[in-house]
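Asks: I'd like to go over a predicted model; first the sequence, then the structure.
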Amino acid sequence: MATKIQRDIDYGEFDASLVKYKPAASLSTVTPITPITPSRNPQPDLGELWEKYTEFKKPQVSPSTYAVDYRKYRNHIVKLPTKTLDDAIAIRDYLVAHLSANAAKRTLTNINACCDWALKSQLIESNPFPSMAKDIQIPKSELAEYEINPFTKEERDSIIQAFEESKLYSYYAPLVKLLFFTGCRPSEVIALQWKHISDKYITFDQAITISTKGLALKDGLKTQSQRRFPINHQQHEILESIKPENCNPDNFIFRSKKGGIVDFGDFLNHAWKGYKNHRGTHIDGIVTQLVKQGIVSEYRKPYQCRHTFITLCLEADIDAKDLGRWVGNSPEVIYKHYAGNKRNLQVPEL
């Protein structure tokens, strides 16, 4: 080091601060700073999105949609093995493997709607579920449940007679008759009060729905605010047979055995179809019994009462426009969904 200093003195390059002559170990070094990339905020998972989405939709949908349909999809989401949006393919495959094709398709349709909303609400960066539901094909066996498959007139009469003669369920007979002879929806018939009955008309203007608090009365109908159904002698007799003296106009026409609103799910799963008792024994309902006896060709749900009325009216040459007003459908719906089911349709001789 002394030699180096002497040399610099000789050549006029001496560093008076002596920094030049300090050992390298004593010099400070500067560590380069690596820029920090801000981390992405973690995306909410599907369960969290569904809760936020349904709260947003709650004021916009019917109480039954919120209480029944949304809860059903929530239960499917809860059971998913993963709820991360990055695992959308795995979510789809799980739903297809564990649900019917129709249920999986409906669930994915609603999940897609949820994620569309979340994307617009800037909760997520992209929706990984578009078009997934479209790829699911529903087999004909599942579609058949939703098809129009009316009872014949003879089957209808046998069902009514069986209810009238039943020791357990005869009190449901007038309800079944009015379903068959007005074509109204189940939710509409159980919402009828005596104030809705006049000498000429039945006025349908409300329905019973399922809410988070149980059965609830909702103003308005599925496709309209109200409609009037003209009473004939047949319906007049049904109603007069059960009308109490000095009845309160606000009383419901059809009541459960305990005096409350008829729970149509209970009617379906006990009186109509049947159920398993606490011992695991299946107790057949009225229609199931008739199917086993060969009197009714196949089991069908109570909504087919409506389809039966519409089909029989078409066979009696009731104009589709008039029929549509009676049952709350457009003529287009009548022609599209029911005209093809006319059993006595024949090609005319021209």
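Replies: Nice, thanks for sending it over. Computed from a prediction, not measured in an experiment: that's the story for all the values here. Numbering: from 1, shown residues only.

Asks: tell me how far stretch 211-224 lies from the chain's centre.
Replies: Centre-to-centre, stretch 211-224 and its host chain are 14 Å apart (Cα atoms, centre = their mean, to the nearest Å).

Asks: send me it as CSV with only the CA atoms.
Replies: What follows is stretch 211-224, C-alpha atoms only, in CSV (Å, rounded to 0.1, in the frame of the first residue of the first chain):
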residue,chain,number,x,y,z
SER,A,211,-91.1,-17.3,1.4
THR,A,212,-88.3,-17.4,3.9
LYS,A,213,-91.0,-17.3,6.6
GLY,A,214,-93.1,-20.1,5.1
LEU,A,215,-96.3,-19.9,3.0
ALA,A,216,-97.1,-16.3,2.0
LEU,A,217,-99.9,-14.6,0.1
LYS,A,218,-98.7,-12.6,-3.0
ASP,A,219,-100.8,-10.1,-5.0
GLY,A,220,-101.0,-10.8,-8.7
LEU,A,221,-100.6,-13.9,-10.8
LYS,A,222,-97.8,-15.5,-12.8
THR,A,223,-98.5,-13.7,-16.1
GLN,A,224,-101.0,-11.0,-15.2
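
Asks: report the buried residues of it.
Replies: Neighbour-count burial for stretch 211-224 flags 211, 215, 216, 221 (criterion: 16 or more other Cβ atoms under 10 Å). In short, each C-beta sits where N, CA and C put it, glycine included.

Asks: count of neighbours near the nearest residue to the second one once chain neighbours are set aside?
Replies: Just to be clear, that refers to residue 215. Using Cβ to Cβ, 6 or more residues apart in numbering and skipping the chain neighbours, the partner closest in space to residue 215 is residue 261 (5.2 Å). When counting by other Cβ atoms under 10 Å, one arrives at 17 neighbours for residue 261.

Asks: before we move on, what about residue 94?
Replies: 17.

Asks: just checking, residue 197 touches residue 249?
Replies: No - at 9.0 Å, residue 197 and residue 249 do not qualify as touching, with contact defined as Cβ atoms under 8 Å.

Asks: which elements pack onto the host helix or strand of residue 326?
Replies: According to DSSP states H and E, residue 326 maps onto helix 320-327. Helices and strands touching helix 320-327, as assessed by 3 or more Cβ pairs under 8 Å, 6 or more residues apart in numbering; DSSP states H and E, comprise strand 227-230, helix 304-315, helix 331-337.

Asks: any buried residues in the next helix or strand after the shortest one, and which?
Replies: What it means is strand 227-230. Using DSSP H and E, the helix or strand that follows strand 227-230 in sequence is helix 233-242. Across helix 233-242, burial judged by 16+ other Cβ under 10 Å covers 235, 238, 239, 242.

Asks: for stretch 116-130, same thing?
Replies: Buried residues in stretch 116-130 (16+ other Cβ under 10 Å): 117, 118, 124, 127, 128, 129.
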